[in-house]
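Asker: my questions are about this predicted structure, shown below with the sequence.
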Amino acid sequence: MSTHTIHHRWTGAVLYSCDADTLREAVERVMRDRANLAYADLYDADLTGANLAGADLTGAYLAGANLASANLIGANLAYANLAYTNLTGADLTGADLTDAYLSSADLPGANLASADLTGADLYDADLSGANLTGANLTGAYLAGADLTGADLSGADLTGADLTGARGYDVELPAPDPVFDSHPGL
């Protein structure tokens with residue numbers, strides 16, 4: 001057993017510290033103690049299968065982390081950096097990923113049903129086989145993303161950039177000729 005300390009990603013201030021066998025165990029203890037993980041530095045953390053349902057990870061730095069099969073139901077990941085993160089099979093049902101950075105993230109088989117991905121950057125992300133039913137992808141950047149076998153039924157893709165995205169079969173809303181011809185409206 002060793003001491004695990006979780007720091008604020010910008011200030012370095014200690015957000016939480018405890019004795020635990022693994023960082024995953026420490027993070028789950030944070031959840032049990034209802035401590036706040038907003039802006040936590042969890043770079044490259046192994047949180048495989050962690051129960052983070054309802055966690056406040058606003059602005060957290062999770063780049064390169066392993067969150068495969070993690071429970072992130074209803075978690076707040078707005079503005080979080082999840083670049084190159086492994087979220088294979090993770091449950092993000094109803095999660096808030098507004099303006100999250102998920103460039104090159106692995107999300108095959110992830111459940112993102114009813115998740116809010118407004119303005120999220122999913123450049124080159126692997127969303128193959130992901131459940132995106134009812135997800136809000138308004139203004140999301142999905143250029144180069146792999147959507148092979150993803151379920152996008154009921155998803156809102158208004159203003160989403162799908163340039164070079166692969167494997168999707170969805171009709172995008174027609175542009176509004178009045179709105180689009182009058183910048184600033």
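Answerer: That came through, no problem.
Asker: hey, let's count contacts and neighbours off CA atoms from now on
Answerer: Fine.
Asker: alpha carbons of the helix ranked longest in the chain, as CSV, please.
Answerer: Longest helix in the chain, counting residues (DSSP state H): helix 23-32. C-alpha atoms of helix 23-32 as CSV (Å, rounded to 0.1, in the frame of the first residue of the first chain):
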residue,chain,number,x,y,z
LEU,A,23,-4.6,4.7,-8.2
ARG,A,24,-7.9,3.2,-9.3
GLU,A,25,-8.7,2.3,-5.7
ALA,A,26,-7.8,5.8,-4.6
VAL,A,27,-10.0,7.4,-7.2
GLU,A,28,-12.9,5.1,-6.2
ARG,A,29,-12.3,6.2,-2.6
VAL,A,30,-12.6,9.8,-3.8
MET,A,31,-16.0,8.9,-5.1
ARG,A,32,-17.0,7.2,-1.9
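Asker: show me what it is packed up against.
Answerer: The elements that helix 23-32 packs onto, with contact taken as 3 or more CA pairs under 8 Å, 6 or more residues apart in numbering; DSSP states H and E, are strand 14-20.
Asker: give me that answer again for 10 Å
Answerer: For helix 23-32, the elements it packs on are strand 2-7, strand 14-20, judged by 3 or more CA pairs under 10 Å, 6 or more residues apart in numbering; DSSP states H and E.
Asker: so what touches that helix?
Answerer: 2-6, 15-20, 22, 33-37, 42, 45-56, 67 (CA atoms under 10 Å, 6 or more residues apart in numbering).
Asker: and that helix, how far from the chain's centre?
Answerer: Its chain's C-alpha centre and that of helix 23-32 lie 19 Å apart, by CA atoms, centre = their mean, to the nearest Å.
Asker: what residue is smack in the middle of the protein?
Answerer: Leu97 (5.1 Å; CA atoms, centre = their mean).
Asker: how about the helices in the protein?
Answerer: 23-32, 177-180.
Asker: please consider this matter closed, and thank you.
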